[in-house]
Structure formats: structure tokens, C-alpha cells
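In: Prediction below, plus the sequence it came from.
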Amino acid sequence: MFGQPAALAAPANPNNDYAVPSSPTDGVSQLCFTPSNQFLVASSWASTLSCWETRVQEGLGGGQVAAQPRAQVQLAAPALCCAASADSQTVFGGMGDGTVQMWRLGQQTAQAVGKHDAPVKSIFHVPEINCVVTGSWDKTIRAWDLRQPNPAATIRLPERCYAMDCRHPLVVVGTAERKICIYDLTSANWQNPYRVEDSPLRHQTRSIAAFPDRGGFAIGSVEGRVAIHHVDPKDAHRNFAFKCHRESTDGRAGQPGACDIYAVNAICFHHLGTFATAGSDGVFNFWDKDSKQRLMAFKKADRPISCSAFNPAGNLYAYALSYDWSRGSESHSPNAPNTIMLHKVQKDEITQRNKKPGRK
């Protein structure tokens, strides 16, 4: 077993989800599943990459979920992001010291396979080009051919990489100063952006996720808002934005009401084309962008959700109850546990619905 001591108090579990045993001892920065569906991987500020074997047993009452700790590797710096290889045998981590680490599951150490000049914020294994692609605060994207120490390609960004997604051939990057950079990996000059534009949202980009059909992407901001944006300018009429992850309170004694606004920390798409958002408010929601409806609103947890992921089969949604630093160091409690939860996704929670009358 690895992770935090069992003596730490468990967080409230308002949605009756499964708490993954031996969650990291410090903030969870990213979650991902291996393409085989078998393993869940987490990167952590505790300078670890951790792996659990997950299992869903279908049956009456919606089925049972379980996870068993399988492996963990200790690293020299905080792990800010993670990705799994196409064969589910290798995990890649982007580190706070700028290194790119490769960990073959079952081995006790990781190997440095690349180096940025600043922390690595995003990482992806892209088997179609046989590279690991990383985005960094050093204002570059780099593609790494694991057979050589130097990057196979380096792309200069207008600013630091804050959020990134890659679904071959689409790469979309949200940078500081609200820039969105779009790349087409099938283009002969793919290192030049297909388009660079300002974010449709007025505040800092916090999360970004490409549609499963690669036709566009969703952007989340620190200001409790999500934008649905299409790549082809001909589809611009289908772009829209909506508010989420906000809490309103009624005014009293003639005073105006208040609205607490939270960051959208994670957006991830289900293979059906619907998607989930998770925020600093401790809430996750399922949405249908095509009918412009919220499919499910889940109950609020007692701490932020820092990251989340669907498994490839779409029957598990993993999310981390972990401090996200949105309220600064003064609100950080070192004794608060960091807990990864598994939600068994029901078909009626995530399936698209008919558009409401009058919706376009």
C-alpha cells in the first residue's frame, strides 16, 4: 500500500461514490486512465506517480466499483501532469522541475526522457506520430521521440501553457493572456498554428478539452464559465458560453444577494459527446453541449475538485477531492486528506437528450 495514512479523516461523500484507497499525500494534479480501462493513474504534488487497478462489476443496483493500489514511483519534483501510453504499459509525467519522466509500470524508478526550461503543465502520448507531446510554462510545446534526448520539434507559444488537450490530429492550447492556439498534426507544417485567437471568455483559462469528434473544444475559466468553441469558422454560429460552478445567496434586510464564483478546474468529454465539468466549489456536473442542457448536477463535496477523468469505456468518472490553491496558501490545510473518488456512471446520467423547444 502507498499514499496517505488511513488515520486521516475521510472527506464527506455526498454522492456515495467509491473512495480510492491510498490516495496521494499531497494535492492531486491530474488523473488519467490507461487505454485498456484497467488502470487509473494520478500525478501529485507529493512528487509521485501512482497507479491503481480499477474494476466495475455490473449487476443489480448499478454495479460495484473497486480499486486496488498496484504501483507508485517517487520522483525528485512535484508531478504536475500525467499520461498513459497506447499499450497501457507506460506512464509519462510532466514535472515541476521541467523534466519529462517515463515510468514503465512494474519498475521501481522512472527515467527522464526530456527537459523544458520551466515546469511542464500538460503531457500527452500521441501514438499516431510516435511522440510524447508536452506544454510548459517556458512558452513552448515540445514533441519527444523517446529514442533521442532532444525534442523532435519545438513550437513557440505566445505565452505560458495553462491548459492543453490533444486528440490527434487536433491540439488546442490555452495560454496566459487568454490566447488560444490551435494546431493540426496532419498538416505538412503542423508546427505553425492553424489559428491563434483570443479566448471567448474574459478571464484566465483554467481548463480545456477537445470534442471526441475533433470538431471543437470546451474552455473553462477561473470565473465559473465554460465556452463551447468550434474549429471551423463556418461553425461559429454554434459557439456559445454558459455560467456554471456558482453559488447564489439571497439578500437579507434589503441587502442585495451575493454570488460566489468558482474556477472550472476540469473539463472532460465522454465518448458519447457529452461532458463533465468539475470546480473549486466541490461540484461536478454532466452536460450535453448539443441540446445546451445540464444532464446531472451532483451534490457538493466539502473541498475543491482539482481534476477528473472518464475511463475509455465511459462507465467510470474519477475525480480528486484536493485543494487547488484557488484561495491561496492561507486556506490550505495540510491535515486535509486528498481523496480520489470513483463515480459509477449510469447511462441516463450521461446520454444526450432531445433539445428543448426553442433551442437552436
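Out: Good, I have the coordinates.
In: residue contacts, T186?
Out: By Cβ atoms under 8 Å, 6 or more residues apart in numbering, the contact list for T186 reads P169. No exception for glycine: its C-beta is placed from N, CA and C like everyone else's.
In: How much space separates it from I129?
Out: 9 Å (Cβ to Cβ, to the nearest Å).
In: which stretches of this structure form helices?
Out: Listed in chain order, the helices of the chain (DSSP state H) span 347-350.
In: for it, where's the lowest mean pLDDT among helices and strands?
Out: The weakest-scoring helix or strand in the chain, judged by mean pLDDT, DSSP states H and E, is strand 246-249 (a mean of 85).
In: Name the residues that touch that one?
Out: Applying Cβ under 8 Å, 6+ apart, the external contacts of strand 246-249 come out as 224, 257-262, 281.
In: Ok, stretch 343-354 next?
Out: When contacts are defined by Cβ under 8 Å, 6+ apart, stretch 343-354 is touched by residues 15, 17-18, 56, 62-65, 270, 272-274, 284, 286, 288, 290-291, 293, 295-296, 298, 310, 314-319.
In: Next: stretch 208-215.
Out: For stretch 208-215, using Cβ under 8 Å, 6+ apart, the contacting residues are 163-167, 169-170, 172-174, 180, 216-220, 230-232, 235, 267-271, 273, 275.
In: burial of the residue nearest to Q74 when sequence neighbours are not counted, as a residue count?
Out: Leaving out its chain neighbours, the residue that sits closest to Q74 by Cβ to Cβ, 6 or more residues apart in numbering is T48, at 5.9 Å. T48 has 21 neighbours, counted by other Cβ atoms under 10 Å.
In: try A66
Out: Applying other Cβ under 10 Å, we find 14 residues neighbouring A66.
In: Any idea what it is bridged to?
Out: Beta bridges link A66 to R55 when assigned by DSSP bridges.
In: pLDDT at it, what is it?
Out: At A66, the model reports a pLDDT of 94.
In: what's near enough to touch it?
Out: Counting by Cβ under 8 Å, 6+ apart, A66 touches 18, 54-55, 57.
In: how close does A112 get to I180?
Out: Distance, A112 to I180, using Cβ to Cβ: 30 Å.
In: ok, the two, which is more surrounded?
Out: I180 (24 against 15).
In: I'd say A276 and F310 touch.
Out: Yes: between A276 and F310 there is a contact under Cβ atoms under 8 Å: 7.0 Å.
In: list residues touching both of the two?
Out: Residues touching both A276 and F310 (Cβ under 8 Å, 6+ apart) are 268, 270, 317.
In: which of those has the most neighbours?
Out: Most neighbours among these, by other Cβ under 10 Å: Y317, with 25 neighbours.
In: so what's that one closest to, chain neighbours aside?
Out: Per Cβ to Cβ, 6+ apart, closest to Y317 is H343, 4.3 Å.
In: neighbours around that neighbour, how many?
Out: Per other Cβ under 10 Å, the neighbour tally for H343 reads 22.
In: got it, and the one 4 residues further on?
Out: For K347, the count of nearby residues is 9 (other Cβ under 10 Å).
In: What distance do you get for it to R214?
Out: Using Cβ to Cβ, K347 is found at 25 Å from R214.
In: Then T186?
Out: 10 Å.
In: same deal with T154?
Out: Between T154 and R214 the distance is 24 Å, computed by Cβ to Cβ.
In: ok, now L75?
Out: L75 is 32 Å from R214, by Cβ to Cβ.
In: circling back to that earlier point, kindly state the beta-bridge partners for the residue nearest to Q74.
Out: Bridge pairing for T48 (DSSP bridges) gives the partners S44, Q74.
In: residues contacting it?
Out: Counting by Cβ under 8 Å, 6+ apart, T48 makes contact with 2, 24, 72-75, 79.
In: Would you mind checking these for buried ones?
Out: 2, 24, 72-73, 75, 79 (16 or more other Cβ atoms under 10 Å).
In: With pLDDT and distance to R195 as added columns, please give those residues in JSON lines.
Out: Shown next, in JSON lines, are the buried ones among the contacts of T48 (pLDDT from 0 to 100; distance: Cβ to Cβ, whole Å):
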{"residue": "F2", "pLDDT": "68", "distance to R195": "44"}
{"residue": "P24", "pLDDT": "95", "distance to R195": "37"}
{"residue": "Q72", "pLDDT": "97", "distance to R195": "41"}
{"residue": "V73", "pLDDT": "98", "distance to R195": "38"}
{"residue": "L75", "pLDDT": "98", "distance to R195": "36"}
{"residue": "A79", "pLDDT": "98", "distance to R195": "31"}
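In: how about TSV for the residues you listed, with distance to Q191 added?
Out: Output for the buried ones among the contacts of T48, formatted as TSV (distance: Cβ to Cβ, whole Å):
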residue	distance to Q191
F2	40
P24	35
Q72	36
V73	32
L75	29
A79	27
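In: which among those residues gets closest to D87?
Out: Distances from D87 to the buried ones among the contacts of T48, taken as Cβ to Cβ, are shortest for V73 (18.2 Å).
In: tell me the contacts of the closest one?
Out: Applying Cβ under 8 Å, 6+ apart to V73 gives the contacts 48-49, 103, 107-110.
In: Which of those are buried, as a ChimeraX select command?
Out: Buried members of the contacts of V73, defined by 16+ other Cβ under 10 Å, are picked up in ChimeraX with:
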select :48,49,103,110
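In: Which two among the contacts of V73 are spaced furthest apart?
Out: Taking Cβ to Cβ as the measure, the contacts of V73 span a maximum distance of 14.3 Å, between T48 and Q107.
In: so where's this structure uncertain?
Out: Residues of the chain meeting the criterion pLDDT under 70: 1-11, 59-63, 250-257, 355-360.
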